[in-house]
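**Q** mind folding the following:
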Amino acid sequence: MLNRNREEGHEHLYRDYFADNCVYGAKDFKRRFRLSRNVFLRITNALQSRYDARGRQGFTTLQKYAAGIRLMAMRELPDTMDDYMRMSERTARESLYTLSRGVVETFGDVYLRKPSLHDLQELYATHEERHEFPGMIGSIVAHTGNGKISPIFNDLLNGKALDAPFTVNGNEYKYGYYLTDGIYPQYSTFVKAFCHPVEERDNFFKRRQEGSRKDVERAFGVLKAKWHIVEHAARPSDLETLRYIMYACIIIHNMVVEDKGRNIAHYIPTKPRHVQFQPGTTDYLHRVVEIQDATKHKQLREDLADYIFYGNNNDNG
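**A** Just a heads-up that it's a prediction; the model follows:
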């Protein structure tokens, strides 16, 4: 059996990045691990207290989770951990999977939570300020196919998502909406651009809607650029593991954004206020009718077009 001298690997890692007089400073750490040392230590300390209290000799917490982060972030293969971390390819993969599952189970309730009413109000305010779309939750990139809508709307239909009313152009709407392309149906929770705009107002709205969609969708591009494993094959043993890896990348990314002070919403613990509707019940059917109301879909787009165009008459030329 190969003696990799894992203790030497730990000492090497510790001297380089974690000692008081470490070789590499904060900028080098952030460039090589895609997050600050403070965020890394917050993660490792939380996972160590939760998962590593088993009294077994093995790789240290720093080695395991540093290897996991490097595999998420950099263009490195598991067997590249051998010469530096003194870690086999198999152990490096296991460290990645353990890190991913631990991050989701430990931090998911905060950084992968469904939006609260407070979160939605913060999103509304931010998107109106940046994109001038009041009531906007976000943007959806692609249709799921087979006549089905993204699972993001299952919660809304089933009453798991909170009603978050907003007002635009003097009219009140019960639910927030997503900017979409033309393939989506005419639901009150979708806002599409005009297909063939003729009037100046409609052309202006089309430019703003498409520009805002691109701006929001860049967020996923940033995620892929920061976490290499999101874009490239992770070769996990099963889909569940792949799901944990993806969720962990999103969670850590949100932690990094918060660490930089750039998060939109701030976590405020609240009691769940969602009421689930059963398909076929009066409340459920009423909700479906409201969401799938094509008349309200058109009215919302008209209200937004008026609000954005006439509210910006100094910038619509």
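
**Q** report the secondary structure element holding I252.
**A** helix 239-259 (DSSP states H and E).

**Q** tell me the angle the biggest helix by length in the chain makes with helix 239-259.
**A** Counting residues, the longest helix in the chain under DSSP state H turns out to be helix 200-226. Here helix 200-226 runs at an angle of 110 degrees relative to helix 239-259 (axes from the mean of the first three to the mean of the last three C-alpha atoms, to 10 degrees).

**Q** helix 200-226 packs against which elements?
**A** Secondary-structure packing of helix 200-226 (3 or more C-beta pairs under 8 Å, 6 or more residues apart in numbering; DSSP states H and E): helix 117-131, strand 136-139, strand 177-179, helix 228-231, helix 239-259, helix 294-310. For the C-beta atoms, the positions are set from N, CA and C on the backbone; glycine is no exception.

**Q** Y284: which of these is closest?
**A** Closest of the helices and strands packed on helix 200-226 to Y284 is helix 294-310, at 18.0 Å (criterion: C-beta to C-beta).

**Q** how far off centre is the closest one?
**A** 28 Å (C-alpha atoms, centre = their mean, to the nearest Å).

**Q** could we number from 391 for the rest of this?
**A** Done: numbering now begins at 391, and the last item shifts to helix 684-700.

**Q** return that helix as PDB; C-alpha atoms alone will do.
**A** These are the backbone C-alpha positions of helix 684-700, laid out as PDB (Å, rounded to 0.1, in the frame of the first residue of the first chain):
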ATOM      1  CA  ALA A 684     -54.300  35.400 -20.100                       C
ATOM      2  CA  THR A 685     -56.200  38.700 -19.700                       C
ATOM      3  CA  LYS A 686     -54.300  39.500 -16.600                       C
ATOM      4  CA  HIS A 687     -51.100  38.500 -18.400                       C
ATOM      5  CA  LYS A 688     -51.800  41.100 -21.100                       C
ATOM      6  CA  GLN A 689     -52.900  43.700 -18.700                       C
ATOM      7  CA  LEU A 690     -49.700  43.400 -16.600                       C
ATOM      8  CA  ARG A 691     -47.600  43.800 -19.700                       C
ATOM      9  CA  GLU A 692     -49.500  46.900 -20.800                       C
ATOM     10  CA  ASP A 693     -49.200  48.400 -17.300                       C
ATOM     11  CA  LEU A 694     -45.400  47.700 -17.200                       C
ATOM     12  CA  ALA A 695     -45.000  49.100 -20.700                       C
ATOM     13  CA  ASP A 696     -46.800  52.300 -19.800                       C
ATOM     14  CA  TYR A 697     -44.900  52.500 -16.500                       C
ATOM     15  CA  ILE A 698     -41.500  52.000 -18.000                       C
ATOM     16  CA  PHE A 699     -42.000  54.100 -21.100                       C
ATOM     17  CA  TYR A 700     -43.800  57.100 -19.700                       C
END
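
**Q** could you pull up the mean pLDDT of that helix?
**A** Across helix 684-700, the average pLDDT comes to 95.

**Q** and it, which residues are buried?
**A** K686, H687, L690, R691, D693, L694, A695, Y697, I698, F699 (16 or more other C-beta atoms under 10 Å).

**Q** once you drop chain neighbours, what's closest to the second one?
**A** The one in question is H687. Q576 (4.3 Å; C-beta to C-beta, 6 or more residues apart in numbering).

**Q** next, count neighbours for that neighbour.
**A** The local packing of Q576 (other C-beta atoms under 10 Å) involves 14 other residues.

**Q** let me know the secondary structure of it.
**A** coil (DSSP: H, G, I helix; E, B strand; the rest coil).

**Q** check contacts around it.
**A** For Q576, the contact set (C-beta atoms under 8 Å, 6 or more residues apart in numbering) comprises A684, H687, K688.

**Q** rounded mean pLDDT for stretch 596-603, please.
**A** Mean predicted lDDT for stretch 596-603 stands at 93.

**Q** check the gap between the spatially most central residue of the chain and R591 for me.
**A** For the chain, the residue nearest the mean C-alpha position is I640 (4.9 Å; C-alpha atoms, centre = their mean). Between I640 and R591 the distance, using C-beta to C-beta, to the nearest Å, works out to 37 Å.
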